[in-house]
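Trainee: this one's sequence-less:
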């Protein structure tokens, strides 16, 4: 009885595109998606998220224009689904300037961004946000990106090998290059920093070389809070070593529970505790004062969700052309492990019926890949709490629908309900993003974390 | 008589460091340089610059920590001169959010930034700022940067060869990939854009390959306004082809006149008009109500300017260690063309005396590389007008001194004086940065510009 309720965290999951996980919704009369390239879109979003005490605006990214579906990018272009895709890093300082407690997650990849430059950018933003920053580490899944970058496509496991080397390099820049007491900022003595305590790092691995000083002084978190989403075997190993937060997409509670457990076990295998990882699940929440009104909202949106755009996104994610079968054929006929596993995960939510491309593409019917939660504030809170408790989920990435009303309804209706139940904060905790999410820890990587081992140690005396 | 006065343009020349062109000034009791890593530093600067109707906050960059001086970076570290060096791109959206007419110049280099990613970042910012954006193209002069990036240092002329290829690639992304009428944004028909009018570019040159669609829809300027500063023969060729604005540093009016003429001749050689290039000169302005008070300001600051830091910066720029001779030896003894040319340019301003390292390092005495303008508002306006008219200079990059008071004094004292003389705007012109600076032209690259040739042409019909 004395034990406080488990708190639930929420991120607003956005992308600098007219529409993202559910394609085509920008065309809804009330949707503001077409303003994705205007500053006010982002500062308004940040203020709305902060009004709801959300943990974070989490910016997904699609670096590339997939042509998996029917061998062409046309469905994505027509429906503005994850395309155009502007650079998420450019949005942060404006959002940071209009908020105090809200944090920001940025997706950047380890296959195409030079590590020395990426480390400098994250350190700059960690300063400007006063430590309200996370990096969602991705390895770049779209073959078209490799061609645009003038490279050969890198196979999946090889991308993770590269990413492991990459992480070592950026940990050295963030954790090792500047000793803790290197910065003096002494106006009287006119010494900014002690050169003896600032070190060039030396990283020579198979794919990366760096001999140089990190160009930015230690920021509040040094290493930004690390997010990953990899759920493959190799991806979970990577998560176990590096992730402080992970996220997944499934509409199946049992599957979510297994995946969450898998992330925690991977952390334990890497010498960390199961609770050193916060697990987020993707969720589409459709809330209204009554269940009937919420169902009306779903029907209202359904007609705008672009089926071709959605199938093109599914195809790109799975690396398989879903246009190769008819819209009502069972996807199991496709010889692909990724598709089989989507089919298996979704079948339960589909009442046992075989899953078809039409199911995958339809807003709400099967719910696609993520938890699809429709109802009154109390019903939504019940489901969120169920997932939190039963599947051991720490929080949710709230997928964008028709905005700003989608997130607005969540803030106005669900947040107070969760607060009444004692499972949601009533004010922001102070400090960095790491400290807010792990109040028992500090601003910096915990000592058991793989990256902490890179901290400078005196070897001279 | 009917001819309007030639207008003078001004950029606030900053860098995300505690101090820059004049090292050590952060230590002045009134200086706010230590706040360079806080958002408010940048939003306050932007609002101050906009209050003075300045054209642009121009962000220099030093990607790397030079160790030219005495073979070590120590003098730069101790004096916080161009170090730490945070990423300038990260500052823009916050400054754009608090301003309407002010523009932004960002220094990014063509040797280390992948062109596909750089093009996307600039397009994103050109959207967010509504076209208030310039790119200062640099090729990366610091050998330490190559080591940090895991590359061999690239020789000077080779860097420009790379840069020429690089510009072709980014022009294709900005100008060719999306046809002018590709974007429909049609909610009724639910079509965002026409796939038939969006094209993968194909660039295969000696050092760069790209086969892909530009990820961002056409921004107000498409290609950001192009700045360069190269004054070598190869650098001036590059400027002639690409620059819409150039800048230089000299304290000698005759030298400024020759350099400005050189930039314009290079443009003419590239098939453009002499007036298609705006030429900016670097200037340190020390202004007070009276000349005596202005001279007091110089004396007040002089003691804070860090001589070792300044010599380290000179050494890095020239690629020659100025610590190899004594502080009072003539720099002509150093066998280096770069140093000889600095010595020649400065000797006139030094009353004919040979220039020494101590001269180079001392705030105000010789004035270093840039125009050093001290006096009452009327005296300062006289000198600015003289340079504008005699040397055919279009504007000035105002070097940071002790801020915010340095730029504040310029805004409060010099701006009204220039306005009274009819050589300075009394409100911002509307439109993009290109349109503001070249009112006779449009938002996009002019047709005679090299980059305009990359525009998509129908080849199919």
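Mentor: Arrived safely, thanks for sending. What you see is a predicted model, and the numbers here were worked out from it, not measured in a lab.
Trainee: CA only for contacts and neighbour counts going forward, please
Mentor: Noted.
Trainee: Residues touching the helix or strand that contains residue A:308, excluding its own?
Mentor: Using DSSP states H and E, residue A:308 sits in helix A:307-318. If you take CA atoms under 8 Å, 6 or more residues apart in numbering or on different chains as the criterion, helix A:307-318 is touched by A:21-24, A:66-69, A:73, A:75-76, A:78-81, A:141-142, A:321-323, A:338-339, A:357-358, A:360-362.
Trainee: For whichever residue of chain A sits closest to chain B, grab the count of nearby residues.
Mentor: Nearest to chain B in chain A, going by CA to the nearest CA, is residue A:94, at a distance of 3.8 Å. Other residues within reach of residue A:94, judged by other CA atoms under 10 Å in any protein chain shown, total 26.
Trainee: out of everything not next to it in sequence, what's closest to it?
Mentor: Spatially, and ignoring its direct neighbours in sequence, residue A:94 is nearest to residue B:94 (3.8 Å; CA to CA, 6 or more residues apart in numbering or on different chains).
Trainee: Residue A:412 now?
Mentor: residue A:52 (7.6 Å).
Trainee: sorry, back to before: wait, what's in contact with the residue nearest to residue A:94?
Mentor: Contacts for residue B:94 (CA under 8 Å, 6+ apart) come out as A:93, A:94, A:95, A:96, A:97, B:39, B:42, B:43.
Trainee: and the gap between the fifth one and residue A:90?
Mentor: Between residue A:97 and residue A:90 the distance, using CA to CA, to the nearest Å, works out to 13 Å.
Trainee: For the stretch 101-250 of chain A, what lies in contact range of chain B?
Mentor: A:113-114, A:116, A:120-121, A:123-125, A:127-130, A:144-145, A:147-151, A:185-188, A:190-195, A:208-213, A:215-217 (CA under 8 Å from any CA of the partner chain).
Trainee: now, which of those lie within helices?
Mentor: A:116, A:120, A:121, A:123, A:124, A:125, A:127, A:128, A:144, A:145, A:147, A:148 (DSSP state H).
Trainee: Is residue A:208 in contact with residue B:150, as I believe?
Mentor: Yes. Using CA atoms under 8 Å, residue A:208 is in contact with residue B:150, at 6.9 Å.
Trainee: Reduced to three states, what does residue A:246 come out as?
Mentor: strand (DSSP: H, G, I helix; E, B strand; the rest coil).
Trainee: beta partners of it?
Mentor: Here residue A:246 sits in beta bridges with residue A:228, residue A:279, as judged by DSSP bridges.
Trainee: Give me the neighbour count for it.
Mentor: 26.
Trainee: Report the buried residues of the lowest-mean-pLDDT helix or strand in chain A.
Mentor: The least trusted helix or strand in chain A, going by mean pLDDT, DSSP states H and E, turns out to be helix A:337-347, with a mean of 75. By neighbour count with 16 or more other CA atoms under 10 Å in any protein chain shown, helix A:337-347 contains the buried residues A:339, A:342, A:343, A:344, A:345, A:346, A:347.
Trainee: Please, which helix or strand holds residue A:10?
Mentor: strand A:9-14.
Trainee: Tell me if that strand is near chain B.
Mentor: No. Contact of strand A:9-14 with chain B (CA under 8 Å from any CA) is absent, the minimum separation being 15.6 Å.
Trainee: Report the buried residues of the helix or strand just after that strand.
Mentor: Once the chain leaves strand A:9-14, the next helix or strand it forms, by DSSP H and E, is helix A:39-51. Buried residues in helix A:39-51, counted by 16+ other CA under 10 Å: A:39, A:41, A:42, A:43, A:45, A:46, A:47, A:48, A:49, A:50, A:51.
Trainee: repeat for stretch A:78-93
Mentor: For stretch A:78-93, by 16+ other CA under 10 Å, it's A:78-93.
Trainee: Give me the mean pLDDT for that stretch.
Mentor: If you average the pLDDT over stretch A:78-93, you get 97.
Trainee: start to end distance for it?
Mentor: 31 Å.
Trainee: what's near enough to touch residue A:403?
Mentor: Here residue A:403 is in contact with A:30, A:31, A:32, A:33 (criterion: CA under 8 Å, 6+ apart).
Trainee: Quick check: which element contains it?
Mentor: Residue A:403 is part of no helix or strand when elements are defined by DSSP H and E.
Trainee: what do you get for residue A:258?
Mentor: Assigned by DSSP H and E, residue A:258 belongs to helix A:253-269.
Trainee: Just the buried positions in that helix, please.
Mentor: Quick answer for helix A:253-269 (16+ other CA under 10 Å): A:253, A:255-257, A:259-268.
Trainee: Determine the set of other helices and strands touching that helix.
Mentor: If you count contacts as 3 or more CA pairs under 8 Å, 6 or more residues apart in numbering or on different chains; DSSP states H and E, helix A:253-269 packs onto helix A:233-242, strand A:245-248, strand A:278-287, helix A:377-390.
Trainee: mind listing what the nearest residue to residue A:274 once chain neighbours are set aside touches?
Mentor: Once flanking residues are discounted, residue A:274 sits nearest to residue A:264: 4.6 Å by CA to CA, 6+ apart. Going by CA under 8 Å, 6+ apart, residue A:264 touches A:240, A:273, A:274, A:275, A:276, A:277.
Trainee: Tell me which two in those residues are the farthest apart.
Mentor: A:240 and A:275 (11.7 Å; CA to CA).
Trainee: between those two, which one's more packed in?
Mentor: More crowded of residue A:240 and residue A:275, by other CA under 10 Å: residue A:240, with 28 against 13.
Trainee: ok, that one touching residue A:274?
Mentor: No. Counting by CA under 8 Å, residue A:274 is not a contact partner of residue A:240; they are 9.7 Å apart.
Trainee: State the phi and psi torsions of the closest residue to residue A:224 other than its chain neighbours.
Mentor: In space, and not counting its chain neighbours, residue A:224 is closest to residue A:134: 5.0 Å by CA to CA, 6+ apart. For residue A:134, the backbone dihedrals (degrees, to the nearest 10) come out as phi -130, psi 150.
Trainee: And residue A:134, what's its pLDDT?
Mentor: Residue A:134 is given a pLDDT of 98.
Trainee: Could you report the neighbour count for it?
Mentor: Count around residue A:134 with other CA under 10 Å applied: 28.
Trainee: Next one: it from residue A:103, what distance?
Mentor: Counting by CA to CA, the gap from residue A:134 to residue A:103 is 8 Å.
Trainee: shared neighbours, these two?
Mentor: By CA under 8 Å, 6+ apart, the residues touching both residue A:134 and residue A:103 are residue A:433.
Trainee: circling back to that earlier point, quick check: the farthest pair among the contacts of residue A:403?
Mentor: The farthest-apart pair in the contacts of residue A:403, when distances are taken by CA to CA, is A:30 and A:33, at 9.2 Å.
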